[in-house]
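Undergrad: I would like the atomic coordinates for the input below:
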Amino acid sequence: MTEGMILDLFREALMLAIKLAGPLLLISMLVGLVIAILQAATQVHEQTLTFVPKALTIVVLLLLMAPMMINSCNEFVTHIFDIINRVAQQTDYVLL
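TA: As a prediction, the model looks like this:
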């Protein structure tokens, strides 16, 4: 396995992490921003007012995005096993 293959695999793993976590982080950030604006307008500064809506939003998003996330992780793991198989065939190792 060459350094280029390892770097490509690392890049793919980082892109997958961004693809999976990015939407959750962006939407929770937007919810927090909207709540912060409402808190500034009403001058109610309660910590639970920001936590609960963000937590509920993330739970709903996880429920909606779970099939896509599982599919993406499954494809990535399958890709890794394909690479392992190709490397093993090139080096004549026997995988059990």
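
Undergrad: What residues does residue 6 make contact with?
TA: Residue 6 makes no contacts at all, as judged by CB atoms under 8 Å, 6 or more residues apart in numbering. Every residue, glycine included, has its C-beta placed from N, CA and C.

Undergrad: Give me the pLDDT for the residue most central in space within the chain.
TA: In the chain, the centroid-proximal residue (CA atoms, centre = their mean) is residue 20; its distance is 2.4 Å. On pLDDT, residue 20 comes in at 95.

Undergrad: do the same with residue 16
TA: 97.

Undergrad: Which residue is the nearest non-sequential neighbour of it?
TA: residue 76 (5.4 Å; CB to CB, 6 or more residues apart in numbering).

Undergrad: give me the number of residues near residue 19?
TA: The number of residues packed near residue 19 is 13, by other CB atoms under 10 Å.
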